[in-house]
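Participant: I would like to see how this sequence folds:
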Amino acid sequence: MTNEILTIKQVADYLQVNERTIYKLASEEKIPAFKVGGSWRFQRTAIETWIQQQSTQPQLAS
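Facilitator: Numbers count the residues shown, from 1 in each chain. As a prediction, the model looks like this:
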């Protein structure tokens with residue numbers, strides 16, 4: 001299903017990170033998200049596009 005809507009927990013599981021990380025990214029508008037009744041939601045296709053964009057951006061040297 002291409003228009004699947006995910007919760008914070010589902011996105012955290014998908015990206016293999018903590019739920020707090022996803023909440024922070026969403027709050028800072030660093031990951032595509034929207035709110036429904038005060039709860040964050042994510043469109044799977046938007047998350048997949050975001051992953052591709054993150055993968056192609058040049059990384060800064062530390």
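Participant: Are we agreed that L25 is in a helix?
Facilitator: Yes - the assignment for L25 is a helix, going by DSSP: H, G, I helix; E, B strand; the rest coil.
Participant: Q43 against E4, yeah?
Facilitator: Yes - in this structure, Q43 is within contact of E4 by Cβ atoms under 8 Å, at 7.4 Å. C-beta: built from backbone N, CA, C; applies to glycine.
Participant: Who has more neighbours out of these two?
Facilitator: Applying other Cβ atoms under 10 Å to Q43 and E4 shows that Q43 carries more neighbours, namely 16 against 11.
Participant: What helices and strands are in contact with the longest helix seen in the chain?
Facilitator: In the chain, assigned by DSSP state H, the helix with the most residues is helix 44-56. The helices and strands touching helix 44-56, judged by 3 or more Cβ pairs under 8 Å, 6 or more residues apart in numbering; DSSP states H and E, are strand 5-6, helix 8-15.
Participant: residues touching the residue nearest to the spatial centre of the chain, list them.
Facilitator: Against the mean C-alpha coordinate of the chain, by Cα atoms, centre = their mean, the closest residue is I31 at 4.6 Å. Residues near I31 by Cβ atoms under 8 Å, 6 or more residues apart in numbering: V11, I22, L25, F42, I47, W50.
Participant: Distance from the longest helix of the chain to the middle of the chain?
Facilitator: Offset of helix 44-56 from its chain centre (Cα atoms, centre = their mean, to the nearest Å): 8 Å.
Participant: rewinding a little: export the helices and strands packed on helix 44-56 to TSV and tack on mean neighbour count?
Facilitator: Formatted as TSV, those follow (neighbours: other Cβ atoms under 10 Å):
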stretch	mean neighbour count
strand 5-6	16
helix 8-15	16
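Participant: Run a quick neighbour tally on the closest residue to E4 other than its chain neighbours.
Facilitator: Distances taken as Cβ to Cβ, 6 or more residues apart in numbering put R44 closest to E4, at 4.3 Å, once the chain neighbours are dropped. A count of nearby residues for R44, using other Cβ under 10 Å, gives 16.
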